[in-house]
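K.L.:
I would like the atomic coordinates for the input below:
(2 chains)
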Amino acid sequence: MSVRDRARRALQRLVEASATERALISLASLAASILVGAGIVLVAGRTATCEEAAFVLATPRPFGVPELASAGFCYDPVAVFDRLFLGALGDPASPGWDPLNGRMATTLRETAVLVFTGLSVALAFRAGVFNIGTQGQLVVGALATAVAVLWAATFVAGVVGTVVLVPFGVLVGAAFGGLYGAIPGALKAYADANEVVTTIMLNFIASGVALYLVRSVFKDPASPANQTIPLPDHALFPPLLFAPQFGVSILALLFGLLAAGGVFVLLRRTVFGYDLRASGLQPAAAEYGGVDARRTVVASMTLSGALGGIGGAVYVLMVLGKFQTDVPAYGFDGITVAILAGNNPLGVALAAFLFGVLKSGTTVVQFATDVPPQLVGVLRGLIILFVAMPEFFRLLGRRVLPRNRAGGDAVAADGGSEPDGTDSRRGEEP
Amino acid sequence: MIDAPRATVARLVGGRRGTIAGATVAVLVALGALGLLFPASPAGILARAVFAAGTVASALRLSVPIALAALGGIFAEKSGVINIGLEGLLIVAAFAAVYAMDVTDSLVVAFLAGVLASTLLAGLFAVVCIEFRADQIIAGLAVWLIALGLAPFASQVIYEAPNTDSVRTVPTVPELVGSLPSAGDLPVRTDPPTLGVGVLDAVLAVVVGLLGRVVLFVAEVLLASSLSVYLMVLAVVLSWYVLYRTRFGRWVHASGENPKALDTAGVRVDRVRYAAVLLSGVLSGLGGAALSLGLGQFTGNGATMVNGKGFIAIVAYLFGNYNPVGAFLSTLLFAGLQAVQNPLQLADIGVPDPLIRITPFVMVVVVLALVGRTRLPDAAGEHYESGEE
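P.N.:
Coordinates of the predicted model:
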C-alpha cells in the first residue's frame, strides 16, 4: 500500500470518527498541550534570570520537618494560563466588563483571519491533499489585494468606495491566492509532485518574491519599512462597533462565519463537494464512480488557495491597512485550526476562536509575566501532535476507566476497527 | 504482477533523474568551455564564479546541514517511517548547540548537545508514530512546528531575543593544526622542473601546470573547509556502508519494504524503526549543530536560520533515490546554486538579493515536478502491527 493510501486511510479515520469523539479528542489535545505548555513554562522559568522568583515550589513541611528542597521559578504557570485565557477576553469575570474591550478585539481580529486560513487547510484536507502552503497563498493574496485596492481607491471615495473596494479587494485576494494554490495542485495532479514539499517551498518563494516586489516596485517611499503605501480609510473594512485602532471589524468576522457556512454547504450539499470528499476518502472508488481525480485535486487546491488569499485580503483590509513583509504565520496556525476542528468547516469557526484566544492571550501573558509570546508557536505544534494521536487518549482512557466501559466502545465509536482487525484488540491485552 | 508497471515507473524515474544529472554536467561543461573561450563575457564571469575554489568550498559548507538531514531522512524512510520533521530536528539542534557552546565553550559538548536535542525530539516523534500510530505526515509537521516555536522561545528566555549571542565557530583544519598553510597562502601555480630538452619541457609544463592546478584547487577547498565538511563526508560514506553492507542496513530495508518477512525472521520491526528514526535524529542533530556553529550564532526570526533546509533535504534524498551518495550529490547541486550567488553579486551581475535567495526553492520545485513520483519503500507510512502479543 502506498503512502498516499495510508494517508488517506488516516484521514478517513479522522473524518469518520463520530463528532463527539472528535470533539473530545480535540478538547483533550488542547488540555494536554496546555499542560505540557505549563511544564515548558516551568522549565523555562528555571533557566531565565529574574530578580525575584514569581513562583516557588517547596516540599511540604509537616510538624516542623526542615525544608528538603525548594525551587524558585521566574514564571508562574498558573498566572500564565490565567492571563492567557481571561486576559485574552479582557477579564470577563471582573465587574464592569465591556465585551468591546481591546483584548477581546485582538482575539476577534485574530479569529477573523484564522477562520479563512483554517478553512483553506480543512478544505484541502477533505480532498485528501495536504495544503501546507496556505501561508504562501495568504502572502500572495495580501500583496495583490494591497496593490490592487491602492490602485482602485483613487477612482471611488466615501461609503460607495467601501462598498465597492472591500469586495473588490477580497476578490483580488481570492483570485491570486487561488492561482498560487493551483500551482501545487497541478504539480500534484499532473506531475505527481508531493504537495507537502512543493507547498512548503512555495511558501518560501512567495515571501521572497513579495519581499523583492515590495522593496523595488511597490515600496512606500515615506517609510523605512518594507511596506506598501497605506490604503485610505474608505478602502478598509469599516470597524463598526469596535474602536478603529483595534483593527477588527464585525463585518469581516461575519464574513468569516458566512464562509464557514458556505464551505459546509459546498461540501455537504453540492455535487462538487461530494466528489471532493469522495476523492479524499476513497480515491479509487471515486474515480471508478466517474470523478476526474486530477481535476478535483486542482480544483480543491485552487479553492483552498482562494480561501488563503481571502485570509490575506482580510489581513490587509482589516488588520494592517497596507502590505508589510514578515507576515505573521497565520497559514501555519490554520493547520492547527483545521486539525483541531477535525476539518469540519463549522468546527473551524470555533477552533479559530479558541486559537485566537491563545494568540491574543500570549501578548497579554508577555506584559503580565515576561513569558515570551513564542509560547503560542509551541502550543500550535503540540496541539497538532496530540490530535494526530487519538490512540494516545484511547489508551489513556482504557487505563483510567474499567475495561468494559471504555475499551471496545471507544473504538467502535470511530466506525469499527482497522481493516486488519488488530487495532481494537491491542490495548486490551493485560 | 505488480512489479511490471512499477519497474517501468522506476525506469522512467531513473531516466528523468539521469536526464537532470546529465543536463547539469552538460551545463557545467558548456559553461567551462564558454568561460575559457570568452573570459570577458558574462559567461566568463559566471564560469569563474562557478569554478572558483571558494565557490566549491562554500557549496560544501552549505551542503552540510542539508546532506546530514537527508542521510537521516533516508534511514527513517527506508525503515518505513516518513520523517517530514527533519526541519524541526535541525532547528532544535542548531539552538541547543549554540547554547551548549556558549555555556561550556567546548566544540564536542556543543555537537553532543545538538545531537541530544535532535534525538530527543526524534524519539518523541518515533513514540508518537510507532507506539501511538499517529499519521506520520501530520506528526512530522507537528515536530517541525513545535521546534519552530520552541527554539525562538528558548532563545527569548535565555538571551532575551530570538537570536542568541555569538559563540566560537567550527575551525578549519589549518586553524586546528596550526602548522598547515591556510587556504589563502597557497601558491596560484606550480613551476614545472626543466629537463633541458625543449619538447619534453613544453609537455612537462602543460602536464605539471594542469595537474598542479587541480591539486592546488583541491588543497585550497580542503584547507578552506571546516571540520563539519569532513564530518559530512564521513557520514555519507558510513551511511552508505551501514545501509548496503551491514545486517542492520538489511533490516532497515526489510522493515520498509516487507515488514512481515522481517517479523517472520524474528526481528522486531518496531525496534528497527525506532533505531532508524533515532538515527535520523542523530544525523540531523549533527547537521543542525554544524549549521549554527558554522556561523557562531542561532537566529530565530521568521523561519529561523534553518529556513527550509530540512525540506530541501527531503527532496535531495528523493532525487538521490535514497542512496546516501546520490543524496549528497543532489544536495551539492542545490547548495552549489546558492554558493554561486556570492561571487555573482560581487561581480555585480544584477539579480536582486531576495530573488537569488529563492533559487534553491524554485530548483526544488522544478526537480520535484520533473522527477515526479519516487518509488517509496512499500510499507512507508504504514503502521506495522506484529501478530504476536
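K.L.:
Could you use CA atoms for every contact and neighbour count after this?
P.N.:
Noted.
K.L.:
Grab the nearest non-local neighbour of residue B:290.
P.N.:
Beyond its immediate neighbours in the sequence, the residue positioned closest to residue B:290 (C-alpha to C-alpha, 6 or more residues apart in numbering or on different chains) is residue B:228, lying 5.9 Å away.
K.L.:
Tell me the residues of the stretch 151-300 of chain A that contact chain B?
P.N.:
Within reach of chain B by C-alpha under 8 Å from any C-alpha of the partner chain, the stretch 151-300 of chain A has these residues: A:187, A:191-194, A:197-198, A:200-202, A:204-205, A:208-209, A:211-212.
K.L.:
shaky segments in the stretch 51-200 of chain A?
P.N.:
Scanning the stretch 51-200 of chain A with the threshold set as pLDDT under 70 gives A:51-53, A:57-71.
K.L.:
Residue A:227 against residue A:326, yeah?
P.N.:
No: contact between residue A:227 and residue A:326 fails when scored by C-alpha atoms under 8 Å: they sit 9.8 Å apart.
K.L.:
Comparing those two, which shows the higher neighbour count?
P.N.:
The neighbour count for residue A:227 versus residue A:326, taken as other C-alpha atoms under 10 Å in any protein chain shown, is higher for residue A:227 (23 against 14).
K.L.:
Across the sheet, point out what pairs with that one.
P.N.:
Following DSSP bridges, residue A:227 is listed with bridge partners residue A:324.
K.L.:
what comes up buried for stretch A:364-378?
P.N.:
By neighbour count, and taking 16 or more other C-alpha atoms under 10 Å in any protein chain shown as the criterion, the buried residues in stretch A:364-378 are A:364-366, A:369-378.
K.L.:
Check stretch A:212-231 too.
P.N.:
Within stretch A:212-231, the residues that qualify as buried by neighbour count (16+ other C-alpha under 10 Å) are A:212-215, A:218-220, A:226-231.
K.L.:
Tell me which residues are up against it.
P.N.:
By C-alpha atoms under 8 Å, 6 or more residues apart in numbering or on different chains, the list of residues contacting stretch A:212-231 from outside reads A:146-147, A:149-150, A:153, A:211, A:321-325, B:352-355.
K.L.:
Apply 7 Å and report the result again.
P.N.:
In this structure, residues lying in contact with stretch A:212-231 by C-alpha atoms under 7 Å, 6 or more residues apart in numbering or on different chains are A:150, A:321-325, B:354-355.
K.L.:
picking up where we left off before, helix or strand for the residue nearest to residue B:290, just tell me which one.
P.N.:
Using DSSP states H and E, the secondary-structure element containing residue B:228 is helix B:227-245.
K.L.:
same for that helix, what does it pack against?
P.N.:
helix B:53-78, helix B:247-257, helix B:324-339 (3 or more C-alpha pairs under 7 Å, 6 or more residues apart in numbering or on different chains; DSSP states H and E).
K.L.:
go with 6 Å
P.N.:
Helix B:227-245 sits against no helix or strand, with contacts defined as 3 or more C-alpha pairs under 6 Å, 6 or more residues apart in numbering or on different chains; DSSP states H and E.
K.L.:
The residue nearest to residue B:290: neighbour count?
P.N.:
A count of nearby residues for residue B:228, using other C-alpha under 10 Å, gives 23.
K.L.:
Could you do the one 5 residues further on as well?
P.N.:
Residues contacting residue B:233 under the criterion other C-alpha under 10 Å number 17.
K.L.:
What distance do you get for it to residue B:324?
P.N.:
10 Å (C-alpha to C-alpha, to the nearest Å).
K.L.:
now do residue B:103
P.N.:
Distance, residue B:103 to residue B:324, using C-alpha to C-alpha: 34 Å.
K.L.:
Of those two, which one has the most company?
P.N.:
More crowded of residue B:103 and residue B:324, by other C-alpha under 10 Å: residue B:324, with 28 against 12.
K.L.:
Need the three-state assignment for the nearest residue to residue A:363 once chain neighbours are set aside.
P.N.:
For residue A:363, the nearest residue in space outside its immediate sequence neighbours is residue A:373; the separation is 5.9 Å by C-alpha to C-alpha, 6+ apart. The three-state label for residue A:373, taken from DSSP: H, G, I helix; E, B strand; the rest coil, comes out as coil.
K.L.:
how far away is the closest residue in space to residue A:320 that isn't next to it in sequence from chain B?
P.N.:
Taking C-alpha to C-alpha, 6+ apart, and ignoring the residues beside it in sequence, residue A:320 has residue A:247 as its nearest neighbour in space, at 7.2 Å. Relative to chain B, residue A:247 is positioned 23 Å away (criterion: C-alpha to the nearest C-alpha, to the nearest Å).
K.L.:
so what's residue A:247 scoring on pLDDT?
P.N.:
Among the per-residue scores, residue A:247 shows a pLDDT of 78.
K.L.:
Surely it is in contact with residue A:317?
P.N.:
No: in terms of C-alpha atoms under 6 Å, residue A:247 does not count as a neighbour of residue A:317; the distance is 9.2 Å.
K.L.:
The two: who's more crowded?
P.N.:
Set side by side, residue A:247 and residue A:317 show more neighbours around residue A:317, with 30 against 23, by other C-alpha under 10 Å.
K.L.:
Now do the same contact list for that one.
P.N.:
For residue A:317, the contacting residues are A:236-237, taking C-alpha atoms under 6 Å, 6 or more residues apart in numbering or on different chains as the criterion.
K.L.:
pLDDT wise, what is it at?
P.N.:
What the model reports as pLDDT for residue A:317 is 95.
K.L.:
Tell me the secondary structure at it.
P.N.:
Secondary structure assignment for residue A:317 (three-state DSSP): helix.
K.L.:
before we move on, the earlier item: nearest to residue B:336, of the buried residues of stretch A:364-378?
P.N.:
Ranking these by separation from residue B:336, with C-alpha to C-alpha as the measure, puts residue A:377 on top at 32.6 Å.
K.L.:
So which residues of chain B form strands?
P.N.:
Remark: strands of chain B are absent; assignment by DSSP state E.
K.L.:
near chain A, which residues of it?
P.N.:
Residues of chain B lying close to chain A by C-alpha under 6 Å from any C-alpha of the partner chain are B:132, B:134, B:139, B:142, B:145-146, B:149-150, B:153, B:157-158, B:354, B:358, B:361, B:365, B:368-369, B:372-373, B:381.
K.L.:
number of nearby residues for residue A:270?
P.N.:
Look at residue A:270: counted by other C-alpha under 10 Å, it has 12 neighbours.
K.L.:
quick one: it and chain B, what's the gap?
P.N.:
According to C-alpha to the nearest C-alpha, residue A:270 stands 28 Å off from chain B.
K.L.:
Just give me the residue closest to the centre of the chain.
P.N.:
I went with chain A, as the question did not name one. Computing the C-alpha centroid of chain A and ranking residues by C-alpha atoms, centre = their mean puts residue A:334 first, at 2.3 Å.
K.L.:
Switch to chain B, please.
P.N.:
Central residue check for chain B by C-alpha atoms, centre = their mean: the C-alpha nearest the mean position is that of residue B:67, 1.4 Å away.
K.L.:
which residues sit in contact with it?
P.N.:
Applying C-alpha under 6 Å, 6+ apart to residue B:67 gives the contacts B:328, B:331.
K.L.:
which other helices and strands contact the lengthiest helix in chain A?
P.N.:
The helix that spans the most residues within chain A, counting by DSSP state H, is helix A:158-191. If you count contacts as 3+ C-alpha pairs under 6 Å, 6+ apart, helix A:158-191 packs onto helix A:134-152, helix A:293-314.
K.L.:
contact partners of the first one?
P.N.:
Residues from elsewhere that reach helix A:134-152, judged by C-alpha under 6 Å, 6+ apart: A:169, A:172-173, A:176-177, A:180, A:203, A:206, A:231, A:305, A:308-309, A:311-313, A:316, A:322-323, A:331.
K.L.:
swap in the longest one?
P.N.:
Judged by C-alpha under 6 Å, 6+ apart, the contacts made with helix A:293-314 from elsewhere in the structure are A:113, A:116-117, A:120, A:124, A:134, A:137-138, A:141-142, A:145, A:170, A:173-174, A:177-178, A:181-182, A:185-186, A:189.
K.L.:
what's the closest non-adjacent residue to residue B:165?
P.N.:
residue B:297 (6.3 Å).
K.L.:
All good on my end, thank you.
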